[in-house]
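Engineer: what follows is a protein structure lacking sequence information:
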């Protein structure tokens, strides 16, 4: 099982939805990315079925700004 990085344990990510269907993802209260359309709907369906640690990991992956250090290890398995 993958362990959550210490940085994610501090819960730096949050998100907001808007009436026009956009999802804004923030890292440390700064806008990291905006999702629209199908991408936003897919994100919302995934985030509803995860716990807080899982949602932090999902938002980190969606923003693409977070490195975990074990990407190569996971790809080779």
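Structural biologist: In hand now; what should we look at? In this text, all values refer to a predicted model and were calculated from it rather than measured experimentally. Numbering: from 1, shown residues only.

Engineer: do a quick rundown of the helices in this protein.
Structural biologist: Ranges of helices in the chain, per DSSP state H, are 6-9, 37-48, 52-63, 71-76.

Engineer: show me what the mean pLDDT comes to for the second one.
Structural biologist: Think helix 37-48. Across helix 37-48, pLDDT averages out at 95.

Engineer: re earlier: just say which of the helices of the chain is most tucked in.
Structural biologist: Most buried of the helices of the chain by mean neighbour count (mean count of other CB atoms under 10 Å) is helix 52-63; its value is a mean of 17. (Glycine included, C-beta is placed from N, CA and C.)

Engineer: quick revisit: distance to residue 17 added to the helices of the chain, as JSON lines?
Structural biologist: Listed next are the helices of the chain as JSON lines, based on distance: least, CB to CB, whole Å:
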{"stretch": "helix 6-9", "distance to residue 17": "21"}
{"stretch": "helix 37-48", "distance to residue 17": "7"}
{"stretch": "helix 52-63", "distance to residue 17": "13"}
{"stretch": "helix 71-76", "distance to residue 17": "29"}
